[in-house]
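Chemist: Predicted coordinates and the sequence they were generated for:
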Amino acid sequence: MAIFISLRRCVCRKSTAATVLLPLLATAHSASAQLPNATFDATKLHAPAYLGATGVISSGDNVAFARPDFDDSSWLPVDDKKTMRELFPNSLPQVVWQRMRIKVDPAQTGMGLEASGISQAYEVYVNGQRLIESGQVDPFIQYTEDARIVVPIQDAQVKTGFLTIAIRARALPRWWKGTGPSFPRTMLSIGQEDALRDHASMVILRREAMGWALQCIGIAVGLVSLALFNAQRQRFEYMWLSLAGLSLLADLPVSLIGPFKSLPANLTYAGFAINSLGGLFITLMILAFVRQKIGNWSRICLIICAILPIVVGWLSQNNIVPANYYEISQIPYQIIATVLVLIVLLLHWRRGNREAGILLVPMILWSLSAYLFAAFLVLKQIPSMHSLATRQSRSLAEFAIGGFEIGIGNLTALLFFLSIGVIVLRRSSRMIHQQALHEGELAATREIQKVILPESIEDLPGFKIETAYRPAQEVGGDFFQVLPTGDGGLLVVVGDVAGKGLPAAMLVSLLVGAIRGVFEYTKTPAELLANLNERLVGRGGGGFSTAVAVHIAADGGVSIANAGHLPPYLDGREVELPGAFPLGVMKGASFDTTNFHMPQASRITFYSDGVVEAQNQRGELLGFERAQVLSTQSAAAIVAAAKEFGQSDDITVVAITRLSAIANAA
């Protein structure tokens, strides 16, 4: 995607010995024609001056070429109008030397040189002393060539009144195929070191500031997307967008250092890979945004088209294939992104997907620019149109706004990030609205639960009643009812609805209402559970619940029925109950009744599984043994102990103690 290609300017705007760079802030004292051994006069230099098209050139490689006393009278004069092929029509030398003689004011101090775009491997000598080395000329080790390197010239050299500057450059295969000038004037400059550094910084800032800013924005968007994906794992568009942001983060160090310092060319190749992978992530992100499913073959085709530029980029970097093959290798992927993805967005937009419409804005702009660049690429293959196509392509890629180079790629990236921001804001606004509605529903449910699950219940004659309830979330799925039967006894129902949160709380409301309704015509535990079971069976969503119902008579007689719930504890001993299905699992289920007697002052304690399943930080459960030991304590103490151990589910404790006075009266 151009979003990533444009952010890494050193990949798509590689300087070459056949490429004219931007002008300096000011020029001074340039000779219109140079003869062999002619001297460039820099004695009255008031601003940096170009030297690239100065002096004489020769093929071959000899360290003596750097010496100031070397006789270069037989060398060819530099001609910035001719191509390398025209200068060396009968040979393709691997190394080319350029020499120039500069007259300087011996009284000047603080002089320096600025070099940029000479070659992927070159050296610059002043009076036989090497001042600049980028890469390795022989054996050839490639480095990036777009860095603006500024070095000082020793005052002792300037005091001699003359400087002999020699450039040893590795000739690249593309030099012999290029149609541009062989020695651009701007590739070497002389002037005050401070002025050159200021100039280099200004040029770098003007060219790279927008790209750096967009990279930082992209990284920030990626980090935010990572946080969003962590909170919403079903939103895969956030995952792809976060990966795209991380790819920009991986490339950021090279983008920041590359303009100031030559780096191994393999890092540029890494940029090819990052660009391709970043584009792939963006495409997958767009498809995920509109919920467009793609088949396995389509996914394989997309990956192949994304990897192809990586392979060709490596071949181009190692001069195995021409440099323009990298641009050609991007065409299959660009067809997918600018045609197929664009069609997908249009279709979803017409179906009412507003997010697709928002993403259409940067995609249409990028698609149009991609078509133009493709047309320029074709025109470059026509010799008569090469120069015009190159100029038009460069003007589209590097136009300036407000003194800063923007380019169509950076403009597209800016619109893309703005579009993502608009989409995220829309989603956030919608989520805030939904959250407000959800919180309103929770508040209403909490009020209902306060009514149906009171914090405390008054003791009934002959019984002491203790209850404690602590939901794991704002509302819970546990329930209990303690209802007087009118004959001195009471009916207790304790249960646990499957699940948590609002759905479980709504089912609790249904069950509590059903318990109160059934209680009007039966106090028998087995009949009550059977009735509740029929009300739950067949409900949408497959809701079910465990429950235990017990009737305690005034004389201490107990009848109890269980539907998959934890059995209670009588005076610290577990009451043995037959197993049974939970409520809502099977239609027509019946529940066995167990009968026993509660002596005076005895205590029966009911738990929900939140007590037994409390879990500490080491992953240990509170368990049945600890729960049995706790069963003789107060309901509040049991809940506090389970919560301190590590609450992971709703906790409910109901304890009924038969008082002695009633036992004696009976």
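Modeler: Yep, it's here.
Chemist: Now do the SS call for residue 617.
Modeler: Residue 617 falls in the coil class when you classify it by DSSP: H, G, I helix; E, B strand; the rest coil.
Chemist: ok, for it, nearest residue in space, not its chain neighbours?
Modeler: The spatially closest residue to residue 617, leaving aside those adjacent along the chain, is residue 646, at 6.8 Å (Cβ to Cβ, 6 or more residues apart in numbering). Quick note: C-beta positions are derived from backbone N, CA and C, even for glycine.
Chemist: Hmm, the one you found is touching residue 615, no?
Modeler: Yes: using Cβ atoms under 8 Å, residue 646 makes contact with residue 615 at a distance of 4.7 Å.
Chemist: Mutual contacts of these two, please.
Modeler: residue 622 (Cβ atoms under 8 Å, 6 or more residues apart in numbering).
Chemist: is it true that residue 481 lies in a strand?
Modeler: Yes: with the criterion set as three-state DSSP, the secondary structure at residue 481 is a strand.
Chemist: Could you report the neighbour count for it?
Modeler: 19 (other Cβ atoms under 10 Å).
Chemist: Can you tell me the SS state at the nearest residue to it once chain neighbours are set aside?
Modeler: Nearest residue to residue 481 in three dimensions, chain neighbours excluded: residue 493, at 4.6 Å (Cβ to Cβ, 6+ apart). Local secondary structure at residue 493 is given as strand here, using three-state DSSP.
Chemist: what are the bridge partners for residue 493, then?
Modeler: Using DSSP bridges, the beta-bridge partners of residue 493 come out as residue 481, residue 549.
Chemist: Is it in contact with residue 514, as I believe?
Modeler: No: distance between residue 493 and residue 514: 10.2 Å, which falls outside the contact criterion (Cβ under 8 Å).
Chemist: out of those two, which sits in the more crowded spot?
Modeler: residue 493 (27 against 17).
Chemist: Check the spacing between that one and residue 516 real quick.
Modeler: 10 Å (Cβ to Cβ, to the nearest Å).
Chemist: Which residues are in contact with each of those two?
Modeler: Contact criterion Cβ under 8 Å, 6+ apart; residues bridging residue 493 and residue 516 by contacting each: 481, 483.
Chemist: Next, the contact list for the residue nearest to residue 481, please.
Modeler: Shown here is residue 493, whose contacts under the criterion Cβ under 8 Å, 6+ apart are 479-481, 483, 515, 528, 547-550.
Chemist: Please, which helix or strand holds residue 74?
Modeler: Mapping residue 74 onto the secondary structure by DSSP states H and E places it in no helix or strand at all.
Chemist: Correction: the previous question concerned residue 206.
Modeler: Using DSSP H and E, residue 206 maps to helix 193-231.
Chemist: low-scoring pLDDT stretches of the stretch 151-300 of the chain, where are they?
Modeler: 178-182 (pLDDT under 70).
Chemist: Let me fix that, I meant to ask about the chain.
Modeler: Counting by pLDDT under 70, the chain shows low-confidence ranges at 1-38, 178-182, 438-456, 474-475, 501, 540-542, 661-666.
Chemist: Compute the number of surrounding residues for the nearest residue to residue 331 once chain neighbours are set aside.
Modeler: If the residues on either side of it in the chain are set aside, residue 331 comes closest to residue 374, at 6.7 Å by Cβ to Cβ, 6+ apart. Residue 374 is flanked by 17 other residues according to other Cβ under 10 Å.
Chemist: Could you do residue 187 as well?
Modeler: Residue 187 is surrounded by 28 other residues when neighbours are defined as other Cβ under 10 Å.
Chemist: Show me the contact partners of the strand or helix carrying residue 344.
Modeler: Under DSSP H and E, the secondary-structure element containing residue 344 is helix 341-350. The contact list for helix 341-350 (Cβ under 8 Å, 6+ apart) reads 283, 286-287, 290, 292, 356-357, 359-360, 363-364, 367.
Chemist: Wait, a strand at residue 299?
Modeler: No: inclusion of residue 299 in a strand is not indicated when three-state DSSP is applied; the result is helix.
Chemist: all strands of the stretch 51-200 of the chain, in order?
Modeler: Per DSSP state E, counting those that start in this stretch, the stretch 51-200 of the chain has strands spanning 56-59, 76-77, 95-103, 111-115, 122-126, 129-134, 149-152, 162-170, 188-192. These are given in chain order.
Chemist: can you put the ones you listed in a markdown table and add distance to residue 596 and mean neighbour count?
Modeler: Output for the strands of the stretch 51-200 of the chain, formatted as a markdown table (distance: least, Cβ to Cβ, whole Å; neighbours: other Cβ atoms under 10 Å):
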| stretch | distance to residue 596 | mean neighbour count |
| --- | --- | --- |
| strand 56-59 | 110 | 19 |
| strand 76-77 | 116 | 16 |
| strand 95-103 | 105 | 22 |
| strand 111-115 | 99 | 23 |
| strand 122-126 | 99 | 23 |
| strand 129-134 | 94 | 18 |
| strand 149-152 | 95 | 18 |
| strand 162-170 | 99 | 23 |
| strand 188-192 | 103 | 24 |
